[in-house]
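Novice: with the input below, show me the fold.
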Amino acid sequence: MSETTALPNKITVISAGISTTSLEEVAGLIVDPPPEGLTVAVSNVQAVMMTRSDKEYAAAHAASSIATSDGVPLVWALRKLGQPDQSRVEGFQITSRAIELGLAKNRRHFFYGASQETLDLLQEKLKQRYPEIEIAGAYSPPFGPVTDDTVADVVTRVTESGADILWIGLGLPKQDVLMARVHPKLPGVSIGAIGAVFDWFAGNVSKAPEWMQKAGLEWLYRLSKEPRRLWRRYIYNNPAYLILLGKQLLLAKFKKTKVGT
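Specialist: Below you'll find the predicted structure:
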């Protein structure tokens, strides 16, 4: 791919830059990244709100080559902010499509994160679904913060495996912080921070029905499955997001009206 390859533009949603892009564009760039490599942050309401409270995460998110509109509320925001054709670009679809496109080009995948049991199931299911997939490696890291040793270990494992694409499934904010730190040390490698996608592929967690996804109610489905873990996140984040987005849209409308007078 040419060094002049243009990355998708980002539009600020509250405090986070979200890319105006499509599933095909993102998957295509993952399979054929620029020479320096590529980083993809799969972004939802939680990600946007976290950029307001976690400086390290905010910097990592801002540094991503692409930050996709994984959550429907982000799609709504981009449409209101001048991108009427924006569609959802979510992690499971990104990973699936990149794997499909990569088959013909012999792209090699490394999966980093989750438990060993989940990684074993993930690899088994992926090989059933994509018999020709090339899995260069998989590693379940110990629990803990992102340290210099963590970064060095990831770089060594991915480099020695010969992987072209590194998928990180550690959850927010750790996966994006790790992605930002290893990216400069892995030129030519595409990195996707995809969170719960590992569990979806492994079959540990079911996805919400399509009608709930389209209605922006996937959060409610996930909350019903894991109420004790997720209730604080959704009870605070969702109303706060709507309030802050409303303020942003009103301000944008006011500025547009003032310019037009």
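
Novice: mind giving me the packing neighbours of the lengthiest helix in the chain?
Specialist: In the chain, with assignment by DSSP state H, the single longest helix is helix 227-260. The contact analysis (3 or more C-beta pairs under 8 Å, 6 or more residues apart in numbering; DSSP states H and E) places helix 227-260 against helix 45-50, helix 72-80, helix 218-225. Backbone N, C-alpha and C define where each C-beta goes, glycine included.

Novice: among these, which is the most enclosed?
Specialist: With neighbours taken as mean count of other C-beta atoms under 10 Å, the helices and strands packed on helix 227-260 reach their highest mean count in helix 45-50, at a mean of 23.

Novice: show the average pLDDT along the helix or strand following it.
Specialist: Helices and strands here follow DSSP states H and E; after helix 45-50, the next one along the chain is helix 55-63. Here helix 55-63 scores 98 as its mean pLDDT.

Novice: next secondary structure after helix 55-63?
Specialist: Next along from helix 55-63, by DSSP H and E: strand 66-69.

Novice: paired strands for that following strand, with orientation please.
Specialist: strand 38-43 (parallel) (DSSP bridges).

Novice: touching the partner strand from outside, list them.
Specialist: If you take C-beta atoms under 8 Å, 6 or more residues apart in numbering as the criterion, strand 38-43 is touched by 16, 18, 26, 29-30, 47, 60-61, 63-71, 74, 90-91, 94, 176, 179-180, 183, 190-195, 197.

Novice: and what of stretch 83-100?
Specialist: Residues contacting stretch 83-100 (C-beta under 8 Å, 6+ apart): 11, 19-24, 26-27, 30-31, 40, 42, 68-72, 75, 78-79, 107, 109, 126, 130, 133, 165, 167, 190, 192, 194-197, 200-201, 207, 213.

Novice: give me the buried entries from those residues.
Specialist: 11, 19-23, 26-27, 30-31, 40, 42, 68-72, 75, 78, 107, 109, 126, 130, 133, 165, 167, 190, 192, 194-197, 200-201, 213 (16 or more other C-beta atoms under 10 Å).

Novice: now, the residues you listed that are in strands?
Specialist: Counting by DSSP state E, the buried ones among the contacts of stretch 83-100 place 11, 19, 40, 42, 68, 69, 109, 165, 167, 190, 192 in strands.

Novice: most widely separated two among those residues?
Specialist: 11 and 109 (30.1 Å; C-beta to C-beta).

Novice: pLDDT weak spots in this structure?
Specialist: 1-4, 206, 219-223, 225, 229-231, 258-261 (pLDDT under 70).

Novice: what sits closest to the residue nearest the centre of it if chain neighbours are left out?
Specialist: The centre of the chain sits closest to residue 42, judged by C-alpha atoms, centre = their mean, with a distance of 1.7 Å. Nearest non-adjacent residue to residue 42, counting by C-beta to C-beta, 6 or more residues apart in numbering: residue 91, 4.1 Å away.

Novice: if residue 167 is in a bridge, with which residues?
Specialist: Counting by DSSP bridges, residue 167 is bridged to residue 111, residue 192.

Novice: how much space between it and residue 95?
Specialist: Applying C-beta to C-beta, to the nearest Å, the value for residue 167 to residue 95 is 7 Å.

Novice: please apply the same query to residue 188.
Specialist: Going from residue 188 to residue 95 by C-beta to C-beta gives 19 Å.

Novice: again with residue 107
Specialist: For residue 107, the distance to residue 95 - C-beta to C-beta - is 12 Å.

Novice: residue 234 now?
Specialist: 24 Å.

Novice: these two - which one has more neighbours?
Specialist: Between residue 234 and residue 95, counted using other C-beta atoms under 10 Å, residue 95 has the larger neighbour count: 26 against 16.
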